[in-house]
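A.B. asks: Prediction below, plus the sequence it came from.
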Amino acid sequence: MASHRKPRTRIAGLRTAPALGITTAALTSVALLSQSAQAAPSAPGKPSLEEVQKKVDDLYQQAGVATQKYNSVKERTDKQRKKVDTLLDDVAERTDKLNEARQELGTFAAAQYRTGGVSDTATMMLAEDPQGYFAQNHLSDRLTARQKKAVDDYQTQQASATKQRTKAAESLETLSDSRDELKTSKKTVQKKLGQARTLLSDLTAEEKARLAAIEKKKEEEAKRKAAELARKQEAEAEAKRKAAEEAAAKEREKDKETPDAGSGSDTGSGTGSGAGSGDTDSGYATKAAKVINFAEAQIGKPYVWGATGPDSYDCSGLTQDAWKAAGISLPRTTWDQVKVGSTVKTADAKPGDLVFFYDDISHVGIYIGDGKMIHAPKPGANVRVESIYYMPIHSVVRPA
């Protein structure tokens, strides 16, 4: 036993200082190696690693929102540009017709001048108010039917051209406003991404390693939830299969006990209903297979905000292009895509469904089964397969 040992008489502090140093080193090692979310002490005034991670995640989400706004404005700007081009083409066409009408009136005026008559037509063309002059002088009484038609055509074309010029001017003004809004949205995205890059670049190598550990733990938890959903969906599918087999077996037993004359009608009715439901499921599965095949072919391509392929994508650009491969046209933004189709429970998600994330619906991925999706994650990352539980789910939508 240790009670008989004589205590050593040493100056206080010579033993306690090294012991304290060893304890501190041990605690530091545990903190660095731990993959838990517990924050290590930060320098005064410096945010903890967990605070940095949350800030970076928030900035990426805000950039996602700004990207969707940019996509929306760009889509509107592109449509406005096409509208303006159409109006300008129409103005040019109407101006040509106006010039033709003016030329025909000039021919009549020249003919009147050569005959020595008072050129009322020429006077009317030079007047500030041709219509008023026409009414006051009853020029219509002196014109032939052909000349009257030429005057009417001139006035019609003149009014039409003026109207279209006004529309074109208004559309150009709207287009200018949209372009200004587009520039603002672009600057917002760039600002948010720049702030996130700055925060990450300020981390030490040790902090980056710890951040990677925290991220890995987050991914593992998301995978666990995905596996749990996959097991649940598999169990439900197996239960439905068994129920269908039992129902079919009962139907066969019933057919054996029922006379042939009576069984024909019942069997035909049941078969028809079942075939219709099967055809619907089969049709969606066929489209979904095309969607997933397209999405898988994009794995490894970089995320670029505002991109719609073929070399890079943002999240909604990928889903739009993937469903286009199946013959379905989706809107450009997540905010519009979530409105297309029918909403289903997460537990009932099928391959091909769109999974939307966050309360602001700023991200979307393509469900491929087993709790996983293919998506374009964020700047600095490539299109990849990931658990749908990596981010907070908003809703699941079946487009077709």
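C.D. replies: Perfect, thanks for sending it. Since we're looking at a predicted model, the values are computed, not measured. Numbers count the residues shown, from 1 in each chain.

A.B. asks: quick one: what helix or strand has residue 366 in it?
C.D. replies: Under the criterion of DSSP states H and E, residue 366 resides in strand 363-369.

A.B. asks: pLDDT on the next helix or strand after that strand, on average?
C.D. replies: Note on strand 363-369: by DSSP H and E, the next helix or strand toward the C-terminus is strand 372-375. Mean per-residue pLDDT for strand 372-375: 96.

A.B. asks: The next helix or strand after strand 372-375 packs against which elements?
C.D. replies: Sequence-wise, the next helix or strand downstream of strand 372-375 (DSSP H and E) is strand 384-387. Under the contact criterion of 3 or more Cβ pairs under 8 Å, 6 or more residues apart in numbering; DSSP states H and E, strand 384-387 touches helix 205-257, strand 372-375. C-beta coordinates here come from the backbone N, C-alpha and C atoms, glycine included.

A.B. asks: try 10 Å this time
C.D. replies: Packing contacts for strand 384-387, counted by 3 or more Cβ pairs under 10 Å, 6 or more residues apart in numbering; DSSP states H and E, involve helix 205-257, strand 363-369, strand 372-375.

A.B. asks: how about the ones you listed, which one is nearest residue 158?
C.D. replies: With Cβ to Cβ as the measure, strand 363-369 is the member of the helices and strands packed on strand 384-387 nearest residue 158 (51.4 Å).

A.B. asks: Give me the angle between that closest one and helix 205-257.
C.D. replies: Going by axes from the mean of the first three to the mean of the last three Cα atoms, to 10 degrees, strand 363-369 is angled at 50 degrees with respect to helix 205-257.

A.B. asks: Using CSV, write out every CA atom in strand 363-369.
C.D. replies: The C-alpha coordinates for strand 363-369 follow below in CSV (Å, rounded to 0.1, in the frame of the first residue of the first chain):
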residue,chain,number,x,y,z
HIS,A,363,-31.9,24.5,-54.1
VAL,A,364,-33.1,21.4,-56.0
GLY,A,365,-31.9,17.9,-56.8
ILE,A,366,-33.1,14.8,-58.8
TYR,A,367,-34.1,11.8,-56.6
ILE,A,368,-32.5,8.6,-57.8
GLY,A,369,-33.8,6.2,-55.1
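
A.B. asks: pLDDT averaged over it - what is it?
C.D. replies: Rounded mean pLDDT across strand 363-369 is 96.

A.B. asks: What strands flank it, and is each parallel or antiparallel?
C.D. replies: The strands that strand 363-369 pairs with in its sheet are strand 354-357 (antiparallel), strand 372-375 (antiparallel) (by DSSP bridges).

A.B. asks: could those strands go into JSON lines alongside distance to residue 341 and mean neighbour count?
C.D. replies: As requested, the strands paired with strand 363-369 are exported to JSON lines (distance: least, Cβ to Cβ, whole Å; neighbours: other Cβ atoms under 10 Å):
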{"stretch": "strand 354-357", "distance to residue 341": "8", "mean neighbour count": "24"}
{"stretch": "strand 372-375", "distance to residue 341": "16", "mean neighbour count": "25"}
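
A.B. asks: Using CSV, lay out those strands together with distance to residue 398.
C.D. replies: Output for the strands paired with strand 363-369, formatted as CSV (distance: least, Cβ to Cβ, whole Å):
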stretch, distance to residue 398
strand 354-357, 8
strand 372-375, 14
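
A.B. asks: so which of those gets nearest residue 301?
C.D. replies: Set against residue 301 and scored by Cβ to Cβ, the strands paired with strand 363-369 come closest in strand 372-375, at 11.1 Å.
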